[in-house]
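sequence and predicted model, in that order:
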Amino acid sequence: MNCFVTGASGFVGSNLVHELVARGHRVKTLLRPGADERGLRGTTFERVSGDLLDKKLLERELAGCDWCFHVAASYQLWMRDYAPMYQSNVEGTRNILEAAGKAGCQKIVYTSTVGCIGLPKNENGKFTPTDETFLSSEAQMSNHYKRSKWLAEQVALELAQKGLPIVIVNPSAPVGPGDVKPTPTGQVIVDFLNRKMPAYLDTGLNWVHVRDVAVGHILAAEKGKFGERYILGHADGNWTMQATLAALQELTGIPAPKMKVPYWVALAAAHVDEKISAITGKPPKAPLAGVRMAKYKMWFNPAKAIRELGLPQTPPKQAFADAIAWFRANGYLKK
């Protein structure tokens, strides 16, 4: 297949390009000028320089493509001005999906996030992971990133209802090799390896190997149903942060932090941190958006993607081992 991929320099996007090329597909990527392409080393693809706001460029470059994967997103938990985030995540999504539809793509895979799926409810201290049937409203979007992605997902659903061949995938918390930036989840591992994590917040995430997420995108193009959402996660990946740190300790031999920070302390510190950032312009070390998200157990059930797509289930501990090895091999550890 001739494939068009946005966000190819990102963590999920670069792994997707590697998987597509390995399967014999031809790949064309949309990259911003000066994009960090370290995650794309070792693979062959065609570069297109530009951005999602250039409709004519998108229509021209998508001509002749069979599959379009819209993975790109502005993912920042703090900005002085959030307007560019909405422009990229919402307007940019409409532009690329409409251009792919106009070009006659057979499948358009839109990368959303589990942040657009309803969170598990706490029933007497027990959390039941939620699935694609649990809907969220705009009012439940606790920060600008989540709100912009929710609005973008509504655009994808609207266009799917109008007949565009769109499939939506909602990755949970990917870890593994190639996390160049690194992502906020990858930063947890880097901080742990560098012994820069004296304490932790009591939260929960659904961990999944980034390679499984990449393969899940391809499976969505092959088997996904138009207008449907698929959680790309791991059935056994719902871990507390305490369990996550225990696994990192087992894999590395580095002692896990024992001190758990009360939520109200972290929230107060984040408020102070952001007030300082508003003056200095430097991003806060602990954005309010991140602390507020950490209040919840972000646990999800990927049974639908496993059943309907055949989503691979690499053990989360292997995903962490692969991430650790990659960070160590690529100079992320301080001497």
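It's in.

please count neighbours and contacts with C-alpha atoms only from this point.
Will do.

contact partners for residue 278?
residue 80 (CA atoms under 8 Å, 6 or more residues apart in numbering).

and residue 21, what element?
helix 11-22 (DSSP states H and E).

looking only at pLDDT, what's the mean for that helix?
Averaged across helix 11-22, pLDDT comes to 98.

ok, now stretch 194-212?
93.

could I have it exported to PDB, CA atoms only?
Taking C-alpha atoms only, stretch 194-212 is exported to PDB below (Å, rounded to 0.1, in the frame of the first residue of the first chain):
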ATOM      1  CA  ASN A 194      18.900   8.900  36.700                       C
ATOM      2  CA  ARG A 195      17.700   8.600  40.300                       C
ATOM      3  CA  LYS A 196      15.800  11.900  40.000                       C
ATOM      4  CA  MET A 197      12.500  10.500  41.400                       C
ATOM      5  CA  PRO A 198      12.500  10.900  45.200                       C
ATOM      6  CA  ALA A 199       8.800  10.400  45.500                       C
ATOM      7  CA  TYR A 200       5.700   9.600  43.500                       C
ATOM      8  CA  LEU A 201       2.000  10.400  43.100                       C
ATOM      9  CA  ASP A 202      -0.600   7.600  43.600                       C
ATOM     10  CA  THR A 203      -1.900   7.300  40.000                       C
ATOM     11  CA  GLY A 204      -2.500   4.500  37.500                       C
ATOM     12  CA  LEU A 205      -1.900   4.000  33.800                       C
ATOM     13  CA  ASN A 206      -2.500   1.300  31.200                       C
ATOM     14  CA  TRP A 207       1.000   0.500  29.800                       C
ATOM     15  CA  VAL A 208       1.400  -0.900  26.300                       C
ATOM     16  CA  HIS A 209       4.400  -1.600  24.100                       C
ATOM     17  CA  VAL A 210       4.800   1.100  21.500                       C
ATOM     18  CA  ARG A 211       5.400  -1.500  18.900                       C
ATOM     19  CA  ASP A 212       2.000  -3.000  19.600                       C
END
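
now do that stretch: distance to the chain's middle.
14 Å (CA atoms, centre = their mean, to the nearest Å).

how about that stretch: buried residues?
By 16 or more other CA atoms under 10 Å, the buried positions in stretch 194-212 come out as 197, 200-212.

among the residues you listed, which are in strands?
The strands, defined by DSSP state E, take in 200, 201, 204, 205, 206, 207, 208, 209 from the buried residues of stretch 194-212.

contacts only, for the fifth one.
For residue 206, the residues meeting the contact criterion (CA under 8 Å, 6+ apart) are 172, 173, 233, 234, 237, 238, 239, 298, 299, 300.

counting neighbours, what do you get for the residue nearest to it when sequence neighbours are not counted?
Counting by CA to CA, 6 or more residues apart in numbering, residue 206 lies nearest to residue 238, which is 4.3 Å off, once chain neighbours are set aside. Look at residue 238: counted by other CA atoms under 10 Å, it has 24 neighbours.

next, give phi and psi for residue 238.
Here is the backbone geometry of residue 238 (degrees, to the nearest 10): phi -80, psi 100.

the helix holding residue 21 - contacts with which helices or strands?
Applying 3 or more CA pairs under 8 Å, 6 or more residues apart in numbering; DSSP states H and E, one finds that helix 11-22 makes contact with strand 2-6, strand 26-31, helix 210-223.

how does it look with 10 Å?
Applying 3 or more CA pairs under 10 Å, 6 or more residues apart in numbering; DSSP states H and E, one finds that helix 11-22 contacts strand 2-6, strand 26-31, strand 67-70, strand 173-175, helix 210-223.

strands - which of the contacts of residue 206 land there?
Per DSSP E, strands hold the following members of those: 173, 238, 239, 298.

need the buried ones from those selected in ChimeraX.
Applying 16+ other CA under 10 Å to the ones in strands among the contacts of residue 206, the buried members can be selected in ChimeraX as follows:
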select :173,238,239,298
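
residues of the helix holding residue 21 that come out buried?
Those would be 11, 12, 13, 14, 15, 16, 17, 18, 19, 20, for helix 11-22 by 16+ other CA under 10 Å.

how far off centre is it?
The chain centre lies 14 Å from the centre of helix 11-22; the measure is CA atoms, centre = their mean.

swap in stretch 100-118?
14 Å.

and if you look at stretch 195-213?
Distance, centroid of stretch 195-213 to centroid of chain: 13 Å (CA atoms, centre = their mean).
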